[in-house]
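Trainee: Below are the sequence and a predicted model for it; my questions follow.
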Amino acid sequence: METEVPGVQNINTVCNDGSIQWISPYGALRIELSYSTGGLFEACFKIQTENVKIKVSQESWKNSKSPFASALPQSSLLKPLFNVNGRTNEYCVYSNTPVLLYLEPERTHDMSGFPRMNLQYVLERKTPQHLKNELEGKDLSFYIKIILDYL
C-alpha cells in the first residue's frame with residue numbers, strides 16, 4: 001500500500017462558521033469557503049500559526065463556480081493576500097461565488113518546535129442593501145462589480 005501525501009490538500013467547508021487546524025503543514029492547502037444557501041456573502045477569517053510561516057493567497061477560477069476538484073490548475077489565478085507568522089487580524093472579503101484560499105507553508109532555519117496552523121472563519125449572508133449601508137461614505141469602486149454581478 002502506497003502512503004504518498006498529496007502536494008495540495010483540498011477542504012470544502014460545509015458550515016457557515018468554524019475552524020480548520022493544519023497540523024505539521026506540508027505542501028499546500030486549498031480551502032473553499034462557500035455560503036450554504038448561495039448568494040452574496042461576506043467571508044471573514046483569521047489565522048494563527050506556530051513554528052511556521054504561511055503564505056495566504058486567494059484563488060479565482062476562470063469560467064467556473066466550483067467545485068474546485070473538477071477544474072484544471074491552468075484555469076486558476078492566485079492573488080497573494082498576506083503572510084502569517086504568528087497571528088493575523090481578521091480579513092474579510094465579499095463574494096457571490098465560493099471564496100478559494102490557497103495556503104502555502106514555509107519553514108525557516110530559525111523555527112523550531114511542532115508546526116501548526118489554525119484558521120477560524122465566519123460566513124455571513126449579505127444583501128446588496130446591507131453592502132451599500134456598510135460601505136456608505138467609502139470608495140465603492142472595488143465593490144461595484146460584486147453588486148452588479150449579484151443583481
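Mentor: Okay, I see it.
Trainee: these two touch, right, residue 77 and residue 57?
Mentor: No: look at residue 77 against residue 57 with CB atoms under 8 Å: they stay out of range, at 9.4 Å. Heads up, the C-betas are built off the backbone N, CA and C, glycines and all.
Trainee: Between those two, tell me which one has more neighbours.
Mentor: Taking neighbours as other CB atoms under 10 Å, residue 77 and residue 57 compare with residue 57 leading, 18 against 10.
Trainee: quick one: the nearest residue to residue 127 once chain neighbours are set aside and residue 90, what's the gap?
Mentor: Leaving aside its sequence neighbours, residue 127 sits nearest to residue 40 (CB to CB, 6 or more residues apart in numbering; 6.7 Å). Distance of residue 40 to residue 90, given as CB to CB, to the nearest Å: 19 Å.
Trainee: The two - which one has more neighbours?
Mentor: residue 40 (20 against 11).
Trainee: From what I see, that one and residue 125 are in contact.
Mentor: Yes: between residue 40 and residue 125 there is a contact at 7.3 Å, judged by CB under 8 Å.
Trainee: Apart from its neighbours in sequence, what residue is nearest the residue sitting nearest the centre point of the chain?
Mentor: Closest residue to the average C-alpha location of the chain: residue 101 at 2.9 Å, with CA atoms, centre = their mean. Nearest in space to residue 101, with sequence neighbours left out and distances taken as CB to CB, 6+ apart, is residue 31 at 4.5 Å.
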